[in-house]
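**Q** Got a predicted model here, sequence first, then my questions.
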Amino acid sequence: MDALYSTLKMDEITDQYDSAEMENQKVLAILVYIFPFLFFLPIVSNKESSYAKAVANHGLVLFILFIAVGIVTRIL
């Protein structure tokens with residue numbers, strides 16, 4: 001697991017955000033990654049948070065990806 005962690009350079013990614021900010025937004029981040037249609041929740045809860053913006057962006061990308069996959073599978 002340490003090899004994967006260092007390969008993905010997670011320290012560089014997580015160093016961009018305040019650890020307290022990440023801790024406060026943890027539940028919303030988990031919800032967004034499980035249910036991407038909730039991508040707007042982190043922004044609504046904390047508009048000034050750069051971590052919330054990043055999580056919302058990831059959720060939006062996942063949501064669009066799920067819709068695109070759904071459309072493709074319906075066509076095929």
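**A** That came through fine. Since the model is a prediction, treat every value here as computed from it, not as a measurement.

**Q** isn't residue 33 right up against residue 58?
**A** Yes - contact criterion CB atoms under 8 Å: residue 33 and residue 58 qualify, at 7.2 Å. Where C-beta positions appear, they are placed from N, C-alpha and C, glycine not excepted.

**Q** for this protein, what are the low-confidence residue spans?
**A** Applying pLDDT under 70 to the chain picks out residues 1-14.

**Q** what sits against residue 62?
**A** By CB atoms under 8 Å, 6 or more residues apart in numbering, residue 62 lies in contact with 33, 36, 39.

**Q** what do you get if the cut-off is 7 Å, keeping everything else the same?
**A** Neighbour list for residue 62: residue 36 [criterion: CB atoms under 7 Å, 6 or more residues apart in numbering].

**Q** And residue 48, how far from residue 18?
**A** 11 Å (CB to CB, to the nearest Å).

**Q** Relative to residue 42, how far out is the residue nearest to the spatial centre of the chain?
**A** Centroid-nearest residue in the chain, with CA atoms, centre = their mean: residue 55, separated by 3.3 Å. Separation of residue 55 from residue 42 (CB to CB): 5 Å.

**Q** quick one: common contacting residues for these two?
**A** 25, 28, 29, 32.

**Q** Phi and psi next, for the second one.
**A** By that I understand residue 28. Reported as degrees, to the nearest 10, the phi and psi values for residue 28 are phi -60, psi -40.

**Q** and the residue nearest to the centre of the chain, what is it in contact with?
**A** Residue 55 neighbours (CB under 7 Å, 6+ apart): 25, 28, 29, 32, 42.

**Q** Need the max-distance pair from the residues you listed.
**A** The span of the contacts of residue 55, defined through CB to CB, is set by 25 and 32 at 9.4 Å.
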